[in-house]
Every structure is written in structure tokens, then in C-alpha cells.
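Asks: Build me a structure from this.
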Amino acid sequence: MNFKGLKSVRFSFADQHGVLRGKTLTASAAEEAMERGITVTSTLLLKDTSHRTVFPAFTPGGGVGISEMQGAADILMVPDASTFRVLPWVPDTGWILCDLRFPSGHAVPFSTRDTCKKALEKLAGAGYEFVAGLEVEFHVFRIKDPRLQPADAGQPGNPPEVELLTTGYQLLTEQKYDQIDPVVGLLRKDLEQLQLPLRSFEVEFGPSQFEFTLGAQSGISAADAMLLLRSAVKQSARRHGYHATFMCRPKLPNVMSSGWHLHQSLTRNGLNAFVSDREDLSEVGKGYLAGLLAHARGASAFATPTINGYKRYRPYSLAPDRVIWGKENRGAMVRVVGGARNPDTRLENRIGEPAANPYLYFASQIYSGLDGIERRLPLARAADTPYEAKADLLPRTLEEAVYHLKADKALRDGFGAAFVDYYCRIKEAEIARFNLEVSDWEHREYFDLF
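Replies: Purely as a prediction, here's the structure:
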């Protein structure tokens, strides 16, 4: 690969949280790294969202039963040349996404991109290809104080103090969009140069809330696009004095929750396998949808992987609160879009939060849907009144979601029991830290009363 004109190249991989980690090399060193890979410590795969190492890495098996990870041993980032980009906000720097391997050449079982590829391979074995379109909500604020004093450091550190770009609730109003357009323009310019399939830019319901959508892509490309979108938006915004966050529900007055609606379908021999001549969904589509519903509570641990994200599941809020589907119904967990003879027929799963690791979110959908197809699960009737339907409630907490994930046989078989146990252990560490914190609610509720 030719790195002529570049000063450095970033080699990155998505960790268990969908956060990019890696190393930056000089352009001359990068050429050799394309052949030999780049070493990083395996403990990067053992951390929770505060970057604390959850597993005892210096015990036998590195705390995860894998001898190659014991003692914080090195693993290799293996570059995928097809992902190469030049970063528009730092044009002398290249960027390449990597897969993870042990020095022996074997795949690292906790590599989330490889986990998604494994799910896609199983889907291909059944004769299908996964197609996804992304509808992503997030917030952008102006930074008032970056909070960079030594006292602000920590694990994690204090976030910046911010102010709004717009006030009020302004869904799709042109006047409010024009107020955020200068910021949208900055982001759009960089995202276009990254060759992402941009489709629309919208002002969302809440103050300072955006929604960007990406056109449909197949396979791993759609997950890569989400990863790159999120990282590019945060980095580009910060360089211009803004803070972009894909946190679901920031603790700021009057701010709304953000979701990630995943539009998905399957193709077979290049044709949409969800399309029926007479009905809204083909038999394949019905089976896939039934699988999404059957495994929704376990899959929510991947679709909504943060403690904060479960504060979005509220009735009468344009967010789902129970396991149901509907035809063109935005209160349902899964919305069927399209219909008979419509080549764009697809399922819109509204369960996800924008902080989700796209590789794990996609894999959870594939394993759930495939199980529905293979077992020919019956599809329940559509819900016309989604917030009053008699159906299983979605998990109310991350702890409840982890419980359902552990008990879900199809997801354990798909991801592998070792991966599910590893993932749940990390999430349980986050939950334990959360439970030890004294919240504002507790102080307000009890300090004066008792």
C-alpha cells in the first residue's frame, strides 16, 4: 500500500464496547506493519467502560482461560487494507481498521469484528446476505469548559461542561435546522470525504439533537460504517470546539434520549428475501421477525449495552417498551417498512442505543433472525396499540438484560458460551461500580427525610 504524502497512519480496532483503540505509526513504519501486523497488549480486551481491567490478567489463562493472554501478553492487529482512509480533519494521517490475531495466527475469540464476520458466515451458509441501513441520533454541544484541570482526571474523568446549540423541541423544523447547519456542514464535509453512504441530516426532537442516516450496505461494511461515523463525528466536532456524544440520555436539563434504529433485510441471489407478492412479509421475513422478537430481551444486552440506555425504554415516547411488532408503527419495537411487492421492504428494529458496538448488535440480530427462520417460529399478531399490548416487557435495566442473555440458548450457541460469559462479566463489573455510587436521587430522597 502506498502511504506517499502521509506523515503517520493510525491502526485501530473496535474493542468490546465499540471504542476504537490502536497505535499510530510513521508512514515508513506503517508499510512494514501492513505485512507483519502491530502488537498491542491483550488487556485492552479485558476492560470495562471506565478502562479498568476487569479480569485478573496475571493469573493462569489471563483470567479468561486463554494461555495466550496470560500476563498481559501481546496480540496482533492485522490491517484490513480495504478500510484504508485519509482522515479529512488531519489530512496527513491515514487510518486503517484491523482484525485481531494471536502471534500464532489464530483469531482472538474476543475480537468483535471477527465475531460479526462469524455470524455473517453462518448467514451465508444458509444462503443469505445481511443488508443494513443506519438511522442514528446523537447530540452535539458547544464546549464551555473542557474540564482539563488535574482534579478533573480520573477513571473516568469529568466530562466537559457544555451549552446548547438550539433550545426547545423542534422536530424537523427548518428554522432550527438552519441554526445547526454550520455544525452539520463541518461534519458532512468530513464524512463525505470518508466515502460514507450519507443519506440525510435532520434536526431531531430535543435541543441540540441531530439525526444522520446512512444508505443500505451489505455485510461487514455497514458495521464498519457505523464505527467510522461515530468516531469521525466525535473527533471532527472536538477539533472545532464542540462535544458530540452518542450517550443515550445525557444528564442535562430538557435533553431527550437518542436511539439507533437499525433497518435490516436479507438478500438471496441479489433479491430481497423479505418481499412477498401478496403479504407485507415473505415466509423468510416472518421467520426472521419472529426470531428478533423471541430473543429480544437477551439481544438487548448487545443493542443497549449501557446502564444509561435503559432509561430510554418509556411508554408513549417513540421508544419501545415491550416485545412487539407493528406495520408502520413507531411505538413498536420492530416496525415493518414496505410491503407486498416493494423491493425496499425491511424491518426497522428500534431497540438500539447509538453507543452500541455495531459488530455485536448486528451479530445478535443475525443469530436471532436465523433461529426464527430455521425453527419456523410463529409470528404473533401485529400490535396496533403498542404501549397497551399484552406482551413481554423489554428489560428495565442492564442487569436484567444480562440475565436474559445468559439464559438465551440461541445467542449462547451463536456467539459461543465463552464469549457470552466474558461479555456478561464485563457488564457485571460496570453494574457493580454503578451500584456503589451514591446518586443525586438518593441524596435528594433521603438526606433531609431521615
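Asks: Strictly from the record, what residue spans define the domains of the chain?
Replies: Domain assignment for the chain by automatic domain parsing gives 8-110, 119-432.
Asks: so how far is the last one from its chain's centroid?
Replies: Same thing as domain 119-432. 7 Å (C-alpha atoms, centre = their mean, to the nearest Å).
Asks: same thing with the shortest one?
Replies: Remark: domain 8-110 is offset 19 Å from the chain centroid, using C-alpha atoms, centre = their mean.
Asks: Just the endpoints, please. Distance across it?
Replies: 28 Å (C-alpha to C-alpha, to the nearest Å).
Asks: Convert stretch 95-107 to CSV, retaining C-alpha atoms only.
Replies: Taking C-alpha atoms only, stretch 95-107 is exported to CSV below (Å, rounded to 0.1, in the frame of the first residue of the first chain):
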residue,chain,number,x,y,z
TRP,A,95,-6.4,5.3,9.1
ILE,A,96,-6.8,1.5,8.8
LEU,A,97,-9.2,-0.8,10.6
CYS,A,98,-7.7,-4.0,12.0
ASP,A,99,-8.7,-7.5,13.0
LEU,A,100,-7.1,-9.2,16.0
ARG,A,101,-4.9,-12.3,15.9
PHE,A,102,-2.6,-14.1,18.3
PRO,A,103,1.1,-14.3,17.3
SER,A,104,0.4,-17.9,16.3
GLY,A,105,-2.0,-16.6,13.6
HIS,A,106,-5.2,-17.8,15.3
ALA,A,107,-8.1,-15.4,15.7
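Asks: which residues touch the spatially most central residue of the chain?
Replies: For the chain, the residue nearest the mean C-alpha position is A356 (2.5 Å; C-alpha atoms, centre = their mean). With contact set as C-beta atoms under 8 Å, 6 or more residues apart in numbering, A356 has these partners: 18, 260, 302-305. The way it works is simple: take the backbone N, C-alpha and C, and place the C-beta from them, glycine included.
Asks: Can you lay out those as CSV showing pLDDT?
Replies: Below are the contacts of A356 laid out as CSV (pLDDT from 0 to 100):
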residue, pLDDT
G18, 96
W260, 97
F302, 98
A303, 98
T304, 98
P305, 97
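Asks: Switch these over to CSV; also include neighbour count, distance to F102 and secondary structure.
Replies: Below are the contacts of A356 laid out as CSV (neighbours: other C-beta atoms under 10 Å; distance: C-beta to C-beta, whole Å; DSSP: H, G, I helix; E, B strand; the rest coil):
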residue, neighbour count, distance to F102, secondary structure
G18, 21, 22, coil
W260, 26, 32, strand
F302, 28, 24, helix
A303, 24, 29, helix
T304, 27, 31, coil
P305, 27, 26, coil
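Asks: just the residues you listed now: which is nearest P378?
Replies: Nearest to P378 out of the contacts of A356 is A303 (C-beta to C-beta; 23.0 Å).
Asks: residue contacts, that closest one?
Replies: A303 neighbours (C-beta under 8 Å, 6+ apart): 262, 349, 351-353, 356, 361, 364.
Asks: separation between the closest residue to D15 other than its chain neighbours and V40?
Replies: With sequence-adjacent residues excluded and distances taken as C-beta to C-beta, 6 or more residues apart in numbering, D15 is closest to R21, at 5.3 Å. Distance, R21 to V40, using C-beta to C-beta, to the nearest Å: 7 Å.
Asks: ditto for V64
Replies: Following C-beta to C-beta, the distance that separates V64 from V40 is 16 Å.
Asks: What of R238?
Replies: R238 is 24 Å from V40, by C-beta to C-beta.
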